[in-house]
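Participant: Need the 3D shape of this:
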Amino acid sequence: MSRPPLPPFTAETAAQKVRLAEDAWNSRDPARVVLAYTPDSRWRNRAEFLEGRAAIEAFLVRKWSRELDYRLIKELWACAGHRIAVRFAYEWHDDSGQWFRSYGNENWEFDDAGLMRVRIASINDRPIAEGDRKYHWPLGRRPDDHPGLSALGF
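Facilitator: Residues are numbered from 1 along each chain as shown. Predicted structure coming up:
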């Protein structure tokens, strides 16, 4: 299975890869998202270590059952060869209605077929008031005309 764009990445193809990842994560569909990773993909997400698609899918199911009305923006930070560095911020609320903005960085490494084999994520959560939210598009893909992280000052 091939997952274009393929490495080695240019700034343009890395930015395309980042947007495709953002779109998939904004679907909040674990079965769809997990197809971007190798069957033996290794993750560090915060303090949790995962290996393999089944573990990643279970993680995403748990994540999106807690992080409600999830909306994400990713931005390319750097790329070289088979690696991409990304920064991101997402907004969500818990079941009590408390909103959060979660900020983070990810380091990605891909195989030759364009599947992610390593994902290392560092994330911090900041409680926000509902009135401080910046992501108001309907659930799903971020509209092309919606500002990205840099335009929002994040």
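Participant: got the contact list for the closest residue to Gly97 other than its chain neighbours?
Facilitator: Once flanking residues are discounted, Gly97 sits nearest to Glu130: 7.8 Å by Cβ to Cβ, 6 or more residues apart in numbering. Quick note: C-beta positions are derived from backbone N, CA and C, even for glycine. By Cβ atoms under 8 Å, 6 or more residues apart in numbering, the residues touching Glu130 are His93, Gly97, Trp99.
Participant: The residues you listed in strands, which ones?
Facilitator: Of the contacts of Glu130, the ones assigned to strands by DSSP state E are His93, Trp99.
Participant: with the contacts of Glu130 in mind, which one is nearest to Leu50?
Facilitator: For those, the residue nearest Leu50 by Cβ to Cβ is His93; the value is 24.5 Å.
Participant: For the closest one, list each beta-bridge partner.
Facilitator: According to DSSP bridges, the residues that bridge with His93 are Leu68, Trp99.
Participant: quick one: Ala21 is in a helix?
Facilitator: Yes. Under DSSP: H, G, I helix; E, B strand; the rest coil, Ala21 sits within a helix.
Participant: three-state assignment of the residue lying closest to it once chain neighbours are set aside?
Facilitator: Distances taken as Cβ to Cβ, 6+ apart put Lys74 closest to Ala21, at 6.1 Å, once the chain neighbours are dropped. With three-state DSSP as the basis, Lys74 sits in strand.
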